[in-house]
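In: pasting a predicted model and its sequence here:
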Amino acid sequence: MVSRLVLVLGDQLSRDLSALKKADKDSDVVVMAEVVEEAEYVSHHPKKIALIFAAMRKFAQELQDDGWDVRYSKLDDPDNAGSIVGELLRRAEEVAAPGVICTEPGEWRLIDKLKYAPVKTHILNDDRFIASHAEFEDWAEGRKALRMEYFYREMRRKTGLLMEGDKPAGDKWNFDHENRKAAPDDVTVDGPLWFEPDETVEEVLALVEDRFGDHFGDLRPFGFATTRQEALEALAYFVKHALPRFGDYQDAMLQGHQYLYHAVVSPYINTGLLGPLEVCQAVEKAWKNGDVPINAAEGFIRQIIGWREYVRGIYFLEGPEYPQRNVLGHSRDLPAFYWGAETRMNCVSHAVGQTREQAYAHHIQRLMVTGNFALLAGVDPGQVHEWYLAVYADAYEWVESPNTVGMSQFADGGVIASKPYVSSGAYINRMSDYCKGCSYKVSVKTGEDACPFNLLYWHFLDRHRERFSNNARMGNMYRTWDRMDEDRRETVLRDAESWLKRLDAGEVV
Ligand code: FAD
Ligand code: DLZ
Ligand code: SF4
């Protein structure tokens, strides 16, 4: 019988993957490959590479146990061709396969490589998402603005999650206004459930240490789940221990609590170990059982069937050039402190330090600390995008680039965000305890001690006045700026310029 190849990528570790559903276990051959091209096209965090390789090895074993013929290439196999397409060609020759079936990759770069590969490749839809490309396109068709909230309501109706008939549970679609509490004094959880590395994980850790030990990020301690079973346990642990307060403290940041009440399930959903719908159903069940309040359940489910589906829709709707957009014309190089160099800004230092340690920072750290700073300072969004893609364990371009280029850097001109996510130090001070340990003073607006977020906030608004002053959501900010007396405005701008000069000169700022 003729064998086709069935490609399973490192973020496609799902038993219900469309390519596996379409394949014939008796005749087709599954190809999985650890390849240097995927590991190095950006310098991924060592923890991320280890998570992917370990989960791939265990998934391959499960498929084999289930009767599949799996041809698995380890990174250091002498015959490893070093790229996905190279490995497909090698395996096609090995088993005389006339073609490949695969599920659509989450990145235009790889879709293109497969489309134009010298072996015939049939790309199937990735139906692990709630909305197909066609459904998103239909929703987007003819709309002036593609706002997540309206798309989210469609997804609620489609899935029936938190619905009572055709009405939203609790009579409201969105409980976000209850989800902005400052950090609590009594944090009742100590992070997510971690797992001791077993033999397979240890083998991968040694490999990653050897080959990618020079990438930014700490490889050890390594505690990510690497099987579906473990990921389900991590999800259950979150639902029981952290979800009840997830909503309340979703936006808070605390120095001693890197995870607060967040789920840390994105690395598992995005590699395919967990499905988005089952995660939401576990959360809905906890609400139905009376174990968690509606603001927690709704807030969490919105992130997944709302934001996660919506950003994927945008990535595929907007096309391959999307990650390169730069409508604000920002061109400053990404400062060295994003890669661990010293900075006096305690908030940035903490967010980056935690990223180096864990390959994780939660949404508000990504958006309102590292993202906010890059936008205020006018950093080239392409470099910001590469950084986010490299350093987070959950980062794949389909989800990372709309969040970074669109939501965080406003480089898409407002496709995703109706206004730029910028703030002065006051927001960070309200939502965190970072400012207490900072050598800058958050209450100081000008001079040597002034919090750089305060200086750069006004600098950003001033230099982009033409684009934003007519934005209805930014009118108040401009009115406040315009009410300041001219001398003060000049001092703020001069101090911001001189701070940026010191940044560019490589001083520790
Ligand atoms: P929780 O806060 O517990 O949220 C639950 C789940 O909701 C997450 O696991 C995730 O699957 C989903 N979710 C929440 N917000 C978003 C969002 N904006 N977009 C997509 N899914 C979301 N998320 C990624 O999965 N990969 C990325 O590469 C990524 N890059 C980001 C870059 C920037 C600049 C910003 C601002 C956000 C980014 N996010 C990304 C979204 C969000 O920060 C992460 O999903 C979240 O921090 C993951 O941690 P968690 O599982 O503890 O999330
Ligand atoms: C991210 C990643 C890494 C680091 N390594 C591999 C790999 O060796 N083999 C593989 O099949 N996939 C890997 N991946 C995931 C791919 O980069 C991912 O499938 C694409 O970026 C599309 O989302
Ligand atoms: Fe960050 Fe400014 Fe607070 Fe320092 S004072 S931690 S720089 S917001």
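Out: Ah, there it is. Ligands and ions are numbered 1, 2, ... in the order given.

In: correct me, but Thr355 touches Ala361?
Out: Yes. With contact defined as C-beta atoms under 8 Å, Thr355 counts as touching Ala361 (5.0 Å). (C-beta placed from N, C-alpha, C; glycine too.)

In: mind listing the shared neighbours of the two?
Out: By C-beta atoms under 8 Å, 6 or more residues apart in numbering, Thr355 and Ala361 have these common neighbours: Thr370, Tyr392.

In: which SS class is Phe316?
Out: The assignment at Phe316 comes out as helix when based on DSSP: H, G, I helix; E, B strand; the rest coil.

In: show me which residues of the stretch 251-400 of the chain are close to ligand 2?
Out: For the stretch 251-400 of the chain, the residues in contact with ligand 2 (C-beta under 6 Å from any ligand atom) are Tyr396.

In: the residue lying closest to Tyr315 once chain neighbours are set aside is in what secondary structure piece?
Out: For Tyr315, ignoring the flanking residues on the chain, the nearest one in space by C-beta to C-beta, 6 or more residues apart in numbering is Trp398 at 4.5 Å. In the assignment (DSSP states H and E), Trp398 maps to helix 397-401.

In: how about low-confidence regions in the protein?
Out: For the chain, applying pLDDT under 70 flags no range at all.

In: ligand 3 contacts on that one?
Out: Counting by C-beta under 6 Å from any ligand atom, the residues of the chain near ligand 3 are 345-347, 425, 428-429, 434-435, 438, 440, 442, 451-453.

In: make a markdown table from these and add neighbour count and distance to Asp487 to it.
Out: A markdown table is the format used below for those (neighbours: other C-beta atoms under 10 Å; distance: C-beta to C-beta, whole Å):
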| residue | neighbour count | distance to Asp487 |
| --- | --- | --- |
| Met345 | 23 | 27 |
| Asn346 | 21 | 30 |
| Cys347 | 31 | 29 |
| Gly425 | 27 | 22 |
| Ile428 | 26 | 27 |
| Asn429 | 20 | 26 |
| Tyr434 | 23 | 31 |
| Cys435 | 20 | 27 |
| Cys438 | 20 | 27 |
| Tyr440 | 20 | 22 |
| Val442 | 23 | 23 |
| Cys451 | 24 | 20 |
| Pro452 | 26 | 21 |
| Phe453 | 28 | 22 |
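
In: in helices, which of the residues you listed appear?
Out: Within those, residues falling in helices by DSSP state H are Asn346, Cys347, Gly425, Ile428, Asn429, Pro452, Phe453.

In: report the two of those separated the most.
Out: Greatest spacing in these, by C-beta to C-beta: Asn429 and Pro452 (13.2 Å).

In: out of the residues of the chain next to ligand 3, flag the one nearest to Cys102.
Out: Among those, and counting by C-beta to C-beta, the member closest to Cys102 is Cys347, at 41.9 Å.

In: I figured that closest one hits Cys435, correct?
Out: Yes. Counting by C-beta under 8 Å, Cys435 is a contact partner of Cys347 at 7.4 Å.

In: overlap in contacts of those two?
Out: Counting by C-beta under 8 Å, 6+ apart, the residues touching both Cys347 and Cys435 are Ile428.

In: please save the CA atoms from stretch 311-321 in PDB.
Out: Output in PDB follows, covering the C-alpha atoms of stretch 311-321 (Å, rounded to 0.1, in the frame of the first residue of the first chain):
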ATOM      1  CA  VAL A 311      -6.100  37.400  17.500                       C
ATOM      2  CA  ARG A 312      -5.800  34.300  15.400                       C
ATOM      3  CA  GLY A 313      -8.500  35.500  13.100                       C
ATOM      4  CA  ILE A 314      -6.700  38.900  12.700                       C
ATOM      5  CA  TYR A 315      -3.300  37.200  12.000                       C
ATOM      6  CA  PHE A 316      -4.700  35.100   9.100                       C
ATOM      7  CA  LEU A 317      -7.100  37.900   7.900                       C
ATOM      8  CA  GLU A 318      -4.300  40.500   7.700                       C
ATOM      9  CA  GLY A 319      -1.800  38.400   5.900                       C
ATOM     10  CA  PRO A 320       1.900  37.600   5.900                       C
ATOM     11  CA  GLU A 321       3.100  41.200   6.100                       C
END
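
In: is ligand 1 contacted by it?
Out: Yes. Stretch 311-321 reaches ligand 1 (C-beta under 6 Å from any ligand atom) through Val311.

In: mind listing what the residue lying closest to Gln324 once chain neighbours are set aside touches?
Out: Nearest residue to Gln324 in three dimensions, chain neighbours excluded: Gly382, at 6.1 Å (C-beta to C-beta, 6+ apart). Contacts of Gly382 were listed using C-beta under 8 Å, 6+ apart, and they are Pro323, Gln324, Asn326.

In: by neighbour count, which of those wins?
Out: Within these, most neighbours by other C-beta atoms under 10 Å means Pro323, with 24 neighbours.

In: please name the residues that touch the closest residue in space to it that isn't next to it in sequence.
Out: In space, and not counting its chain neighbours, Pro323 is closest to Ser401: 4.2 Å by C-beta to C-beta, 6+ apart. Each residue near Ser401 by C-beta under 8 Å, 6+ apart is listed here: Tyr315, Tyr322, Pro323, His385, Leu389.

In: show me what from the chain comes close to ligand 2.
Out: 9-11, 33-35, 38-39, 44, 49, 52, 84, 105-107, 110, 396.

In: all strands of the chain, in order?
Out: Here the chain has its strands, by DSSP state E, at 5-7, 29-33, 69-73, 99-103, 120-124, 163-164, 167-168.

In: off-centre distance for the last one?
Out: Pointing back at strand 167-168 there. 29 Å (C-alpha atoms, centre = their mean, to the nearest Å).

In: do you know how far the residue of the stretch 301-450 of the chain found nearest ligand 2 is from Phe175?
Out: Ligand 2 sits closest to Tyr396 of the stretch 301-450 of the chain, with a gap of 4.1 Å, by C-beta to the nearest ligand atom. When C-beta to C-beta, to the nearest Å is applied, the distance between Tyr396 and Phe175 equals 29 Å.

In: tell me the phi and psi of the residue lying closest to Ile364 once chain neighbours are set aside?
Out: Nearest residue to Ile364, sequence neighbours excluded (C-beta to C-beta, 6+ apart): Asp251, at 4.8 Å. Backbone torsions of Asp251, given as degrees, to the nearest 10, read phi -100, psi 0.

In: hmm, Asp251 is touching His177, no?
Out: No. Using C-beta under 8 Å as the test, Asp251 is too far from His177 to be in contact (11.4 Å).

In: of these two, who's got more company?
Out: Neighbours were tallied for Asp251 and for His177 using other C-beta under 10 Å; the higher tally belongs to Asp251 (21 against 8).

In: ok, the contacts of Ser401 vs ligand 1, which is closest?
Out: Closest approach between the contacts of Ser401 and ligand 1, by C-beta to the nearest ligand atom: Leu389, at 6.9 Å.

In: separation between the closest one and ligand 3?
Out: Using C-beta to the nearest ligand atom, to the nearest Å, Leu389 is found at 24 Å from ligand 3.
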